Structures are given as C-alpha cells and as structure tokens.
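Asks: Build the 3D model from these lines:
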Amino acid sequence: MPAGHPVKPPVHTLKPDPVMTPKKKPTLLEEMGRRIRQGRLELSAREGKALTQGDIAERLGVAQSTVGRWEAGLKEPDLETIRRIAALFGTTPDYIAFGTQPPPGALPVRGENQVPSVREEPTRDKVDPAQRAAQARAAKERRGGSA
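Replies: Numbers count the residues shown, from 1 in each chain. Here you go, the predicted structure:
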C-alpha cells in the first residue's frame, strides 16, 4: 500500500443483540394494564372459573375491546371506572391506578357479585310511599313546578 494513503478500517453495521439490549421500562399505562389483567386472573381463581375480558366488560358495563385496550396499556379508564374495577377486584383505586399497596388488613373480604353490573336495575331503598310522595312534591317545587 502506498505510504500516502491512510488505511480505512472496514465498516461494520452491528445490529443490536436482543439478549444484551436493555428492555424499555413499562409506561404507567402499561403497568396499570398489567394490574387490571392480574386482577381479572385473581378474580377468576377466586370464583373458580376462567373470566374473559368479555365477562369483566359485562360486569363493568363497557365493551370487551375496551377491557382489552386497558390490559394492553393502550387506554386509561376514567376515575369512576377505576373505582368500579377496584371494587370488583377487591382492592383500592390507588392500587389499580398507581400500584400503591394498601396496608395489611385494610381491605374488607369481598363476597361474590358485590359490585352490581351496570345493566342491573338499582334496588330502591325501602321508603314509606307517603314519604316518597312528599319528597317528589318537594323536588317538583324546587324545580319551579306546581305541586
């Protein structure tokens, strides 16, 4: 090789080794999705049957695809839904949203079906019919209607 020409090293394009490449840290949304999925699996174990995303969706009054997006970390449930999810799974909204563990013994033992489905009719408190009529008249008067 002539003395005036520098020697160039060969150019190698190295691809990252998947074994050596550090995994990216999951996002908060992905972490919440993992907790929702884990809650569904734990509820399945407590009830003794495999619960699908569709089963959870029906109990919460949402579409199955919505539960799937939550579990995949693609969509965040609103606050009221997080509360309903927590009640269904027997945990706290803080745990579902942030992974914050409640103190030991802070959660009551939950029985089956304690969270009513959105599609169920709400039960009325036992109120005396005369009292109910008086409440209806008072509400109508507050709205500006005649009694």
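Asks: make it CA atoms for all contacts and neighbour counts henceforth
Replies: Noted.
Asks: How many residues are close by A139?
Replies: 13 (other CA atoms under 10 Å).
Asks: And the pLDDT at G4?
Replies: Reading off the confidence values, G4 has pLDDT 66.
Asks: next one: A133
Replies: Reported pLDDT for A133: 78.
Asks: tell me which element it falls in.
Replies: helix 129-142 (DSSP states H and E).
Asks: Run through the neighbouring helices and strands of that helix.
Replies: If you count contacts as 3 or more CA pairs under 8 Å, 6 or more residues apart in numbering; DSSP states H and E, helix 129-142 packs onto no helix or strand.
Asks: what sits against G39?
Replies: Counting by CA atoms under 8 Å, 6 or more residues apart in numbering, G39 touches F89.
Asks: Check whether it sits in a helix, strand or coil.
Replies: Here G39 is helix, with the state taken from DSSP: H, G, I helix; E, B strand; the rest coil.
Asks: Tell me how far it lies from K23.
Replies: 24 Å (CA to CA, to the nearest Å).
Asks: Same check on E58?
Replies: In terms of CA to CA, E58 sits 35 Å off from K23.
Asks: More neighbours: these two, which one.
Replies: Just comparing E58 and K23: by other CA under 10 Å the higher neighbour count belongs to E58, 16 against 8.
Asks: give me the element the more buried one is part of.
Replies: helix 53-60.
Asks: list the buried ones in that helix?
Replies: By neighbour count on 16 or more other CA atoms under 10 Å, the buried set for helix 53-60 is 53-54, 56-60.
Asks: What helix or strand is K24 located in?
Replies: Using DSSP H and E, no helix or strand contains K24.
Asks: ok, it - contacts?
Replies: Counting by CA under 8 Å, 6+ apart, K24 has no contacts.
Asks: which residues of the protein score low on pLDDT?
Replies: Residue ranges of the chain with pLDDT under 70: 1-4, 9-14, 16-21, 102-128, 145-147.
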